[in-house]
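>>> Coordinates for the following, if possible.
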Amino acid sequence: MAEEKSKKSTDDSAKKKVATKITAKNADVKADAKSTTKIKSAIRKVVDEESDLIAADLRKDSEEPLYEETADIRKVINAVIPKEEFDWHAYENDGKTEAELAKLDKMYDNSLNSIAEKEVVDGTVIALTQKEVVINVNYKSEGVIQINEFRYNPDLKVGDTVEVYVESLEDKSGQLVLSHKTARTHRAWQRVNDVLRTGEIITGFVKCRTKGGLIVDVFGIEAFLPGSQIDVKPIRDYDQYVGKNMEFKVVKINPEFRNVVVSHKALIEAELEEQKKQIIGGLEKGQVLEGTVKNITSYGVFIDLGGVDGLIHITDLSWGRVNHPEEIVQLDSKINVVILDFDDSKKRIALGLKQLQPHPWDALDQNINVGDKVKGKVVVIADYGAFIEIAQGVEGLIHVSEMSWSQHLRSAQDFLKVGDTVEAVILTLDRDERKMSLGIKQLMPDPWADIEQKYPVDSKHSATVRNFTNFGVFVELEEGVDGLIHISDLSWSKKIKHPSEFCKVGDKMDVIVLELDRDNRRIALGHKQLETNPWDVFESTFTEGSIHQGTIIEEKKDKAAIVSLPYGVEGICPKKHLKKADGSNANVDEVLDFKVIEFNKEGKKIVVSHTRTFEEGEDDVPAKSAGKKKTTTAGGANKAVKEINDSNEKSTLGDLDALSALKSTMEGKGN
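Okay, the predicted model is just below:
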């Protein structure tokens with residue numbers, strides 16, 4: 001308690017002391033001052049002088065916060081000077097008014113750079129450590145960059161100006177975030193785009209080889225130099241350029257993928273264009289020049305004629321057949337060529353190599369004539385034939401039709417293959433056009449030479465089905481001998497719409513020779529002629545008025561129905577004759593009795609009726625007994641005819657003996 005009282009007494013005395021001094025000095029000031037400004041300045045001076053002394057005394061004698069003393073001082077001042085006249089802002093800021101402070105703030109802001117995020121600015125190195133570089137960009141704080149971003153510049157020192165990219169004005173700790181590597185990339189892209197626009201020539205460093213070209217460092221960006229853009233002539237060894245500085249032009253930029261394509265070839269093309277014009281201007285057709293093999297393709301060879309390129313097409317390399325140009329020339333070799341043609345506008349030159357050599361046809365033996373036998377090697381095979389080389393550069397064609405006497409044309413690959421050595425007969429020979437046709441079937445006997453002896457008319461043979469047409473079947477009697485069976489000569493009884501209904505390709509078929517034309521190499525054959533005409537038997541079996549059981553197998557819309565009758569015969573039943581006894585119409589697959597109302601042997605036509613089996617009509621036979629007799633007669637022959645049905649082959653009635661037996665039975669009972 002004693003200490004608190006002592007402390008309080010000390011504070012009170014200090015306050016009184018200050019108040020006494022201020023009051024005394026204030027009286028002196030008032031006496032001398034003639035204006036409010038002088039009063040304020042005087043009071044401020046007093047306060048400044050005394051506040052330091054008072055504060056020092058208070059610190060010695062008391063541990064209370066200074067703001068209490070300041071507050072007491074303010075009370076004293078407020079008591080001396082009217083509150084509305086005292087400028088506390090100036091008092092607390094070293095005598096500077098608000099306007100003066102605002103001016104100072106503006107001057108400070110103007111001393112700093114106005115920078116924004118995501119832009120490239122220049123900065124100055126102000127400090128270097130083993131790991132970091134401190135950069136001043138004239139902002140309120142410095143930025144720190146990892147020193148490994150400056151590995152390319154080992155001579156970096158304090159005071160150097162460097163490019164930096166402002167990634168962020170403040171991070172979490174309030175630090176300015178900068179990047180030198182990103183700044184280099186941004187500036188490089190700007191420069192690359194400027195170079196592309198202006199066409200400026202730049203220098204780059206070839207870093208390494210890649211597929212199809214080289215990688216070049218341009219302004220810190222990896223650019224691609226295609227192999228075709230290194231030089232005007234093809235370059236086969238790219239490694240010779242690695243590690244070198246070269247001049248380039250930027251020819252293409254892909255902003256989306258950030259790709260840059262440069263060219264060294266473009267620097268010399270302009271000069272070469274002028275050189276090409278001079279060379280082409282002095283060319284003449286037939287002129288022989290020396291050139292260097294520049295490039296070889298599957299279709300020809302490019303020749304460098306000293307600044308301009310020409311093409312030797314593969315067909316102009318040799319008079320003989322060439323599979324690939326590499327068989328004739330090698331890269332970088334020097335050869336003589338002749339100018340065949342050139343185009344001033346398109347800068348194209350057609351060259352020839354074989355034209356410098358004699359044509360092989362000119363050296364062909366003059367004693368070779370049509371009909372002579374020659375030997376050669378198969379060099380090319382196509383579907384239509386094979387090319388035979390009988391001498392270097394002299395070829396003849398064997399058409400596929402000349403490979404076999406057979407009329408069934410096949411592919412040439414079925415007879416020959418490339419590399420085969422064959423013997424052939426010269427069929428045609430044109431020395432002017434340099435064309436020759438050959439044949440190998442002529443070395444074999446012509447099967448048509450004695451055709452009349454082997455296949456006389458009415459002779460019977462076995463043939464193989466080879467092909468169908470709408471009008472018949474082509475069969476092969478032997479290789480080189482084909483015949484035609486007309487569709488009408490296939491069957492006596494069945495109506496065939498297409499031959500494929502009757503037989504299949506590859507089937508064996510018995511035939512008989514109907515006609516023979518040796519000159520035109522044609523043989524007309526028949527199949528049904530091997531059998532007795534069944535309509536001779538049917539004439540006595542299916543007499544008009546006779547009744548037979550049949551099955552409706554097909555119904556033609558609004559016309560008639562097809563009825564299958566005994567012995568494989570088909571009849572026609574008009575629609576009005578399909579009516580049954582109960583008034584309904586007969587349907588397909590129904591088995592009913594049918595009466596023959598018309599028989600036409602020549603037209604091979606039988607008309608039947610179901611309705612007339614229970615109704616009488618004009619087409620009925622007058623005497624019922626006659627109809628019954630004919631039915632009975634037909635029934636008597638049923639056994640013999642059944643044997644024919646059992647042995648039916650496709651649409652035929654059977655063998656000849658069965659038909660003869662049926663006919664004999666019918667004639668015996670008729671007597």
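>>> Share the number of residues neighbouring residue 135, please.
Residues within reach of residue 135, counting by other CB atoms under 10 Å, total 24. Yep, even glycine has a C-beta here, placed from its N, CA and C like the rest.
>>> Name the helix or strand for it, please.
strand 132-136 (DSSP states H and E).
>>> tell me how far whatever helix or strand comes next after that strand is from the chain's mean position?
As assigned by DSSP H and E, the chain's next helix or strand after strand 132-136 is strand 143-146. Strand 143-146 has its C-alpha centroid displaced from the chain centroid by 51 Å (CA atoms, centre = their mean, to the nearest Å).
>>> can you map out the helices along the chain?
2-32, 36-61, 66-80, 88-92, 98-110, 180-198, 266-281, 451-454, 535-541, 624-636, 638-646, 656-670 (DSSP state H).
>>> Return the member of those having the minimum mean pLDDT.
For those, mean pLDDT drops lowest on helix 624-636, to a mean of 37.
>>> sorry, back to before: give the pairing partners of the strand holding residue 135; include direction for each.
strand 120-128 (antiparallel), strand 143-146 (antiparallel) (DSSP bridges).
>>> Could you work out which of those strands reaches nearest to residue 605?
strand 120-128 (104.6 Å; CB to CB).
>>> what's around the closest residue to residue 315 other than its chain neighbours, how many residues?
The shortest distance from residue 315 to any non-neighbouring residue, by CB to CB, 6 or more residues apart in numbering, is to residue 322 (7.9 Å). Residue 322 has 15 neighbouring residues, counting by other CB under 10 Å.
>>> Residue 322 reaches residue 313, doesn't it?
No: between residue 322 and residue 313 there is no contact under CB atoms under 8 Å: 10.2 Å.
>>> Helix or strand, whichever it is, which one in this protein has the lowest mean pLDDT?
Between all helices and strands in the chain, the lowest mean by mean pLDDT, DSSP states H and E belongs to helix 624-636, at a mean of 37.
>>> deepest of the strands paired with strand 132-136, which one?
strand 143-146 (a mean of 18; mean count of other CB atoms under 10 Å).
>>> what does that one contact?
Strand 143-146 has contacts (CB atoms under 8 Å, 6 or more residues apart in numbering) with 123, 131-135, 137, 164, 175-180.
>>> Output the below-cut-off pLDDT ranges for this protein.
Within the chain, the ranges that satisfy pLDDT under 70 run 1-98, 100-101, 103-114, 270, 344-346, 407-409, 493, 617-671.
>>> before we move on, the earlier item: buried residues of the strand holding residue 135, list them for me.
For strand 132-136, a neighbour-count test (16 or more other CB atoms under 10 Å) marks 133-135 as buried.
>>> could you check the angle helix 180-198 makes with that strand?
60 degrees (axes from the mean of the first three to the mean of the last three CA atoms, to 10 degrees).
>>> May I have strand 132-136 as CSV, with CA atoms only?
Presented in CSV, the C-alpha positions along strand 132-136 are these (Å, rounded to 0.1, in the frame of the first residue of the first chain):
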residue,chain,number,x,y,z
GLU,A,132,18.4,-18.7,-54.9
VAL,A,133,18.5,-15.5,-56.8
VAL,A,134,16.8,-12.4,-55.4
ILE,A,135,15.3,-10.2,-58.1
ASN,A,136,14.2,-6.6,-57.7
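>>> Any chance you could list what contacts it?
The contact list for strand 132-136 (CB under 8 Å, 6+ apart) reads 123-128, 142-147, 149-150, 156, 162, 164, 178, 180.
>>> check contacts around residue 232.
Here residue 232 is in contact with 265, 268-269, 272 (criterion: CB under 8 Å, 6+ apart).
>>> Quick one: residues contacting the residue nearest to residue 315.
Counting by CB under 8 Å, 6+ apart, residue 322 has contacts 314-315, 328.
>>> Weed out the non-buried ones from the residues you listed.
Buried, going by 16+ other CB under 10 Å: 314, 328, out of those.
>>> Which ones among the contacts of residue 322 lie within strands?
Using DSSP state E, no member of the contacts of residue 322 falls in strands.
>>> that older thread, could you export the strands paired with strand 132-136 as a markdown table, including distance to residue 402?
Output for the strands paired with strand 132-136, formatted as a markdown table (distance: least, CB to CB, whole Å):
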| stretch | distance to residue 402 |
| --- | --- |
| strand 120-128 | 82 |
| strand 143-146 | 85 |
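>>> How far off centre is stretch 119-126?
Put simply, stretch 119-126 sits 51 Å off its chain's centre (CA atoms, centre = their mean).
>>> Run through who's touching that stretch.
Counting by CB under 8 Å, 6+ apart, 113, 115, 133-137, 142-143, 156-166, 178, 183, 186-187 sit against stretch 119-126.
>>> And stretch 437-447, by the same measure?
The contact list for stretch 437-447 (CB under 8 Å, 6+ apart) reads 373-374, 388, 396-399, 402-405, 415, 422-428, 454, 478-481.
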